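[1] Predicted structure and sequence below. I'll ask about it afterward.
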Amino acid sequence: MIYDKTAVRTAYKHSPVVVQNMMLTAYGMLKWLERNNSTFKSYARELDESQWYSKKQLEELQNKKLQMIVKHAYENVPYYHRVFDENKLKPEDIKTKEDLGKLPYLTRGDVKKNFKELTAVNVPKQSYFKAHTGGTTGDPLSFLLDKRRLTYTRALQWRHWTSLGYRFRSKLAFMRAASLMPPESNRKPFWRHDFFENKLFLSAYHVDQEKLRDYAVKIVQWKPEFLFTYPLSACILAKFMKKECVEVALKAVFTGSETLFPEQRRIIEEAFKCKVYDEYGHAERAVRAGQCSKGSYHIDSEYGILQVQKDDCDLNPGETGEIIATSLSNYSMPLIRYRTGDTASLADNECACGRGLPLVEKIEGKFGDWIATKDGRMVRGILVSPIMGEFSDTIKEWQITQRNKGALTVNVIPEEEFNGKQAVMLVKRLKDLLGVENEIEVKVRDRIDRTKSGKFRCVVSEVEMENI
Ligand SMILES: [Zn+2]
């Protein structure tokens, strides 16, 4: 986070807590300065207006941006020049998102194999940087991001949060992948401060059953107005607060980066006495969607083209398919028709908030989070969630791991009331969904590991992906 530079990172790591707080405060000042520079301000102004555009105006804006990035890709990115030639296409052939189907998909594998060819030859090196993702799934990916793209992303988040009541210096508890301290460290405190922006950074790596009390006490003392975290981190905290009758009322909880299950939303909203507003995004920063005050997920269509497809075709609203993303302004490495591996369905209704930005009905997370049953079915992990929700009073945390087809381990951190009878019932309920022939065991654990980015995965399968 603060440390794009290794030297700063090293200095932070070796500093006492008080100096680390000062460094985070200085970083907060830098971010504030960034929000006051002309680039950010012009993005913010532009985005403020465009969210109220009509559907037609937004489509026109999107088409204009698409045509610009396609022309740039053809003229300056060797990979796309080759792909266009191979498919006998010219930039003029791609005018709207419907035309994108003339191009092949771009996969993570393509990016890895063609990294150099995908790098634009005319973009100065100092205007972009190398970013990474997915090291946690055993399938890491590097890609290039324009610095301006990052500023644009921040302007979008600013638009989103301010529409939900957040203001400069609103008290925000921030529990994300910030490397505040080494994950293996057990030294209190598990948080740091940015006094300038009024942020409390809580380490997402250390949210486990042992340390929840520390977190809860800190939150009650510090009285944040907003919390920004992963759905599961918020849910674990919420369950603890509810169980221990800890009273805290926030203005809103912002979540993102992993699937937010309906029962998680209910638990979080109940404990923090406020609404949860979720957002969808990914490290590649090609597309983004966020929930408005009415609860609809709006696609930031000025930022990227989000299509929901299966077998190379657009799906109808309500049908679930893969999110195909086209970034509209990342010039150092354009991602066009990029397979995200995430699933969603679109909606075609209008939102009562009045924004013309298109809507996503549901976002269901990664294709990778699935279970391979004995009879060869691929069951998405999200389908297990309602069953696990039935046990939310007796199970604190859970994660399903799978080494072989048809054999699952359900790792649970139990509440005191959890007993053998419930374990048998849990196995029975899962077999109702997955089939009785599957072998399912329940293992009681003390902790469930987060991924390297501090996120949580509900299903971790080592079975080779098939039938997708
Ligand atoms: Zn809306």
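    Received it, and whenever you're ready, just let me know what you need.
[2] so what's residue 309 bridging to?
    Residue 309 has the following beta-bridge partners by DSSP bridges: residue 314, residue 322.
[3] pLDDT below threshold where in the stretch 351-468 of the chain?
    Applying pLDDT under 70 to the stretch 351-468 of the chain picks out residues 365-369, 378, 380, 382, 450-456, 464-468.
[4] 90 instead, please
    362-400, 402-406, 413-419, 429, 432-436, 446-468 (pLDDT under 90).
[5] which one is residue 300 nearest to, not counting chain neighbours?
    Leaving aside its chain neighbours, residue 300 sits nearest to residue 288 (4.6 Å; criterion: CB to CB, 6 or more residues apart in numbering). Just so you know, the C-beta spots here come from the backbone N, C-alpha and C atoms, and that holds for glycine as well.
[6] Map the structural domains onto the sequence of the chain.
    Recorded structural domains for the chain (assignment: automatic domain parsing) are 6-36+164-282, 49-150+297-359, 370-461.
[7] first vs last residue of the last one, how far apart are they?
    Looking back up the chat, that one is domain 370-461. Across domain 370-461, the terminal residues are separated by 7 Å (CA to CA, to the nearest Å).
[8] Can you give the distance from it to the centre of its chain?
    Here the centre of domain 370-461 is set off from its chain's centre by 22 Å, with CA atoms, centre = their mean, to the nearest Å.
[9] try the longest one
    Once both centres are worked out by CA atoms, centre = their mean, domain 49-150+297-359 turns out to sit 17 Å from its chain's centre.
[10] again, but for the first one
    Between the centre of domain 6-36+164-282 and the centre of its host chain there is 16 Å, according to CA atoms, centre = their mean.
[11] do it and the ion meet at all?
    No - Domain 6-36+164-282 stays clear of the ion (CB under 5 Å from the ion), getting no nearer than 10.9 Å.
[12] Could you tell me the end-to-end distance of that domain?
    Domain 6-36+164-282 has an end-to-end distance of 24 Å (CA to CA).
[13] With the longest one instead?
    Using CA to CA, the span of domain 49-150+297-359 from its first residue to its last is 18 Å.
[14] In contact with the residue nearest to residue 300, which residues?
    By CB atoms under 8 Å, 6 or more residues apart in numbering, the residues touching residue 288 are 153, 156, 279-281, 299-300, 303-304.
[15] Mind picking the lowest-pLDDT entry from the residues you listed?
    Within these, pLDDT reaches its minimum at residue 281, with 90.
[16] Identify those among the contacts of residue 288 that sit within helices.
    Of the positions in the contacts of residue 288, 153, 156 sit in helices, assigned by DSSP state H.
[17] So residue 160 versus residue 149, what's the distance?
    Using CB to CB, to the nearest Å, we find residue 160 at a distance of 17 Å from residue 149.
[18] same check, this time on residue 93
    Taken as CB to CB, the span from residue 93 to residue 149 is 25 Å.
[19] More neighbours: which of the two?
    residue 149 (23 against 14; other CB atoms under 10 Å).
[20] Give me the nearest residue to that one, chain neighbours excluded.
    Nearest non-adjacent residue to residue 149 (CB to CB, 6+ apart): residue 330, at 4.7 Å.
[21] tell me the SS of the one you found?
    What DSSP: H, G, I helix; E, B strand; the rest coil gives for residue 330 is coil.
[22] That one is in contact with residue 336, isn't it?
    No - the criterion here is CB atoms under 8 Å, and residue 330 misses it with residue 336 at 10.0 Å.
[23] Need the overlap of contacts for those two.
    Residues touching both residue 330 and residue 336 (CB under 8 Å, 6+ apart) are residue 69.
[24] Please tell me how far the nearest residue to residue 90 once chain neighbours are set aside sits from the ion.
    Leaving aside its chain neighbours, residue 90 sits nearest to residue 84 (6.8 Å; criterion: CB to CB, 6+ apart). Applying CB to the ion, to the nearest Å, the value for residue 84 to the ion is 37 Å.
[25] pLDDT value on residue 84, please?
    Note for residue 84: predicted pLDDT of 98.
[26] low-scoring stretches of the stretch 201-350 of the chain, by residue?
    In the stretch 201-350 of the chain, residues with pLDDT under 90: 203-212, 230-233, 235-236, 239, 243, 256-264, 282-283, 311, 340-343.
[27] Please repeat the previous calculation with a cut-off of 50.
    Nowhere does the stretch 201-350 of the chain drop to pLDDT under 50.
[28] Helices along that one, start to end?
    Assigned by DSSP state H, counting those that start in this stretch, the helices in the stretch 201-350 of the chain fall at 212-222, 231-243, 262-272.
[29] Need the winner for burial among those helices.
    helix 231-243 (a mean of 22; mean count of other CB atoms under 10 Å).
[30] Who are the packing partners of that one?
    If you count contacts as 3 or more CB pairs under 8 Å, 6 or more residues apart in numbering; DSSP states H and E, helix 231-243 packs onto helix 212-222, strand 252-256, helix 262-272, strand 395-404.
[31] got the buried residues for the last one?
    Read that as strand 395-404. For strand 395-404, burial by neighbour count (16 or more other CB atoms under 10 Å) applies to 395-402.
[32] Please consider this matter closed, and thank you.
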